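> Predicted coordinates and the sequence they were generated for:
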There are 2 protein chains.
Amino acid sequence: MIKARVTVTLKTGVLDPQGKAIEGALSTLGFSGVGQVRQGKVFDVQLDGTDTAKAEADLKAMCEKLLANTVIENYSVTLT
Amino acid sequence: MIKARVTVTLKTGVLDPQGKAIEGALSTLGFSGVGQVRQGKVFDVQLDGTDTAKAEADLKAMCEKLLANTVIENYSVTLT
């Protein structure tokens, strides 16, 4: 079994209101010196088999088709 | 400036309906051999200053107070 982590983050320049809200909340809680906060998503995926090359190719296809909106999001795949 | 990535994931045993929905959607799209999928969150945080020890302590406090629900979620902090 192969375990992988897919991380999906917003591209630079895309507005992130949720991140902005977190920035504000952290300031309100008294954390000083907090700059930009950007929120993304992470998917921990388990795949059958042991072929890591096929797994990486499959995971990239999953990102393109479902997990990420490639117009506004970047993704990275790491096998763990 | 210090850049950090905070990853928040559901603890083992906590139900993840969103992850289950993604499993189903991947099967529908024709991806075979997909086992468990779990979804989490990632926060890219920028902090002023250069004191990495203070930054790590601050980030852990942020997780405890705001970013993670420690009843059902684990978090990890990595400086990037």
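Thanks, I have it.
> If A:Thr9 is in a bridge, with which residues?
A:Asn74 (DSSP bridges).
> separation between it and A:Ser27?
22 Å (CB to CB, to the nearest Å). Glycine gets a C-beta too; all of them are placed from N, C-alpha and C.
> Compare the two (neighbour count), which wins?
A:Thr9 (21 against 12; other CB atoms under 10 Å in any protein chain shown).
> ok, the more buried one to A:Ala68 distance?
Distance from A:Thr9 to A:Ala68, by CB to CB: 9 Å.
> Quick check: neighbours shared by those two?
A:Asn74, A:Tyr75 (CB atoms under 8 Å, 6 or more residues apart in numbering or on different chains).
> Just checking the longest strand along chain A against chain B, any contact.
What stands out as the longest strand in chain A, according to DSSP state E, is strand A:34-47. Yes. Judged by CB under 8 Å from any CB of the partner chain, strand A:34-47 comes into contact with chain B at A:34-47.
> A:Thr50 belongs to a strand?
No. Using DSSP: H, G, I helix; E, B strand; the rest coil, the secondary structure at A:Thr50 is coil, not a strand.
> Can you give me the neighbour number for it?
9.
> so what's the residue lying closest to it once chain neighbours are set aside up against?
Nearest residue to A:Thr50, sequence neighbours excluded (CB to CB, 6 or more residues apart in numbering or on different chains): A:Ile2, at 6.8 Å. Contacts for A:Ile2 (CB under 8 Å, 6+ apart) come out as A:Gln46, A:Leu47, A:Asp48, A:Gly49, A:Thr50, A:Thr52, A:Ala55, A:Leu79.
> Secondary structure class of the residue of chain A positioned farthest from its centre, three-state.
Distance to the chain centre peaks in chain A at A:Gly30, reaching 27.3 Å (criterion: CA atoms, centre = their mean). Following three-state DSSP, we place A:Gly30 in the coil state.
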